[in-house]
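K.L.:
Okay, here's the prediction I keep looking at, along with the sequence it came from:
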Amino acid sequence: MPLMDFAGNIKRCDGDRVPCPGSHTCVGAGMNSVCCQKADRICQASVNPGSPCGVVATTRYYFDYSSKTCRPFAFTGCGGNENNFKSKGECMKFCSSEIICPRGDPLPDRYSINNIASCMEDKHCPRNYTCTSKHGKKGACCPSRDFVCGTPFEVRSSCRKPKTEASWSFNYRKGECERVEHPACDEHWNSFPNHEQCVEYCVGTCPDYKEVHMNPLTGQPQLCDTKKKAGCPLGYECFKSSPFASICCKTSPVCPSAESIAYVKDEQLIRCNPTHHDSCPEDYSCQEAKNLEYICCTKPLSCPTGMIALREDGGKPRVCSVGVEGTCPTDHMCVLAEGQAIFGSARHMCCKPEKKCIVPYVDAATKRPQRCFPGDSKCPSVTVCLPALEDSANLTNALDIMFFCCHTVDVFTCPEGEMPKIDTVSKKPMRCRPSNPFSCPSDYVCQKLIDGETACCPNQATKQLCTEALLGDDGSPVKCTVSSRDFSMSKRATFRAGTTIPVLQESVDAQLILCITVVVMQKKLYFKHQLYCPFELHRQRHQLGWLL
């Protein structure tokens, strides 16, 4: 906390011109600097539990200057002094005069094993080590968090009469801390004296001191999937807390579109019900925030039907001026957007044609398809303005495209002539994004339909019959069931492009057997513990390692 005068005003400083008292040091630049207490004064301060203020006491750590170690104490939540740290590691890193690695020992100097190798940046350390320093001084190479938490726990017995002790180890496959027992004489980097230290170091915590949602069954932070954006309860978002885990953190709801404004009443966001059309005031709509709560937001700017907006800088739409070259990329057009602009800002935005015209509207008088331009509202009410183009992916100049008034149709035919997956709510083809492998069920892949839109279509790989079976020791095909996806290799195996791997397929007589007819893609795969059916390989990347 910066130094203040008796009236509560922050004491400003400016190097030697406006110095700080001897117990403080000037931190910052120019007159924006403040006087902060020196580290040695903070670490020499006696423990102060604070004053009760109606909140639950929490465990904090203070530096015991006499023993040169950090000890826990119960902090009441208010007051106290600056000798107050959230974790023992944070306390030791700030107050200890020696460089102490959070886990393991610092790397010795290669020229003298009695000295510690010094560093200034991570690149000065070998693989699996990071540079740990104190207050801008030279640091030491300590085992990296990825290396410590990613090392499997192995029980070794190196003593004659081992005494068993219990500790906690991080299981990187599950993303959880587990209780393990091992001989007391063994030292493991991936071993922690208690559950809290293991979770704090390997699972991580929420950013900006956000509240963590604890799983009531395991007593550990609730794990989630950042790619699917799933696994968290209402009011929580999924954050990547470590290389091995993502956890649910408490957040305030924010409008999903960057240009939208939330409706606030009495300094409170107004929640709403998406099934009730009158739950939001006029000019607002009920929208789902990232934390799954529904709030009232102004309607976001969107492109006309059949076009996709160009968004950048945190999801903000690229606004443009009609007739001014260079405001939009060549494959986009500057058109009048739909929705509400903020504070009277421009309502024209860069949009790219995506859906193409299948059934054009024919004018009864001219007997010709009726021309239009996106956003001009010249088409009849039963039609929309769509482009006449072959492939939007290969579009180079959007200004060369002709637009026509077209009847809205839903294509129910995939490129292979099969039926796409139907959405149970809209009764229309289930939409997807080719860049997101999780946007379709496991038996489907995201493909482009004849009208240019994408939908979930049956995966042809799941229909392949087994032509070469995996034989057992007796020479007969290895039979299995759909639930036999726990087929695992006897040891970790590496597969290169062009090789084959055992997968679950259907034989000619409709029996499920293990086959070896699927060729690995143009990437190397190493399987950590399990193999899965070919159509699920792309859905199990959290259990597979990808090597370039």
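P.N.:
Ah, there it is. Residues are numbered from 1 along each chain as shown.

K.L.:
Identify the residues contacting stretch 104-120?
P.N.:
99, 125-126, 129, 131-133, 138-143, 148, 189 (C-beta atoms under 8 Å, 6 or more residues apart in numbering). Just so you know, the C-beta spots here come from the backbone N, C-alpha and C atoms, and that holds for glycine as well.

K.L.:
which among those residues gets closest to residue 205?
P.N.:
Distance to residue 205 across the contacts of stretch 104-120 (C-beta to C-beta) is lowest for residue 148, with 16.6 Å.

K.L.:
what number of residues lie near that closest one?
P.N.:
Using other C-beta atoms under 10 Å, residue 148 has 22 other residues around it.

K.L.:
CA-only coordinates of the helix or strand harbouring it in CSV, if you can.
P.N.:
Using DSSP states H and E, the element containing residue 148 is helix 145-150. These are the backbone C-alpha positions of helix 145-150, laid out as CSV (Å, rounded to 0.1, in the frame of the first residue of the first chain):
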residue,chain,number,x,y,z
ARG,A,145,5.8,-25.8,-13.7
ASP,A,146,5.0,-27.7,-16.9
PHE,A,147,7.9,-30.2,-16.1
VAL,A,148,7.0,-30.7,-12.5
CYS,A,149,3.2,-31.1,-12.9
GLY,A,150,3.6,-33.1,-16.2
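
K.L.:
how about it: buried residues?
P.N.:
145, 147, 148, 149 (16 or more other C-beta atoms under 10 Å).

K.L.:
Check stretch 325-338 too.
P.N.:
327, 328, 331, 332, 333, 334, 335, 336, 337, 338.

K.L.:
The protein - how does it break down into domains?
P.N.:
Under the assignment named as automatic domain parsing, the residue ranges that make up the domains of the chain are 264-298, 307-407, 464-547.

K.L.:
what about the shortest one, distance to the chain center?
P.N.:
Using C-alpha atoms, centre = their mean, to the nearest Å, the mean C-alpha position of domain 264-298 is found 25 Å from that of the whole chain.

K.L.:
so how far does that domain reach from one end to the other?
P.N.:
One end of domain 264-298 to the other measures 11 Å (C-alpha to C-alpha, to the nearest Å).

K.L.:
So which bits of it are buried?
P.N.:
269-270, 272, 279-280, 284-287, 289, 291, 293-298.

K.L.:
ditto for stretch 122-142
P.N.:
For stretch 122-142, by 16+ other C-beta under 10 Å, it's 125, 129, 130, 131, 132, 133, 134, 139, 140, 141, 142.

K.L.:
Touching, residue 261 and residue 297? I think so.
P.N.:
Yes: with contact defined as C-beta atoms under 8 Å, residue 261 and residue 297 form a contacting pair (6.7 Å).

K.L.:
Give me the common contacts of these two.
P.N.:
residue 255.

K.L.:
Send me the very next helix or strand once past the helix holding residue 148 as PDB with only the CA atoms.
P.N.:
The helix or strand immediately downstream of helix 145-150 is strand 164-171, counting by DSSP H and E. These are the backbone C-alpha positions of strand 164-171, laid out as PDB (Å, rounded to 0.1, in the frame of the first residue of the first chain):
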ATOM      1  CA  THR A 164       5.500 -45.000   4.100                       C
ATOM      2  CA  GLU A 165       4.100 -41.500   4.100                       C
ATOM      3  CA  ALA A 166       1.200 -39.900   2.300                       C
ATOM      4  CA  SER A 167       1.400 -36.900   0.100                       C
ATOM      5  CA  TRP A 168      -0.400 -35.300  -2.900                       C
ATOM      6  CA  SER A 169       0.600 -35.600  -6.600                       C
ATOM      7  CA  PHE A 170      -0.900 -34.000  -9.700                       C
ATOM      8  CA  ASN A 171      -2.300 -36.400 -12.300                       C
END
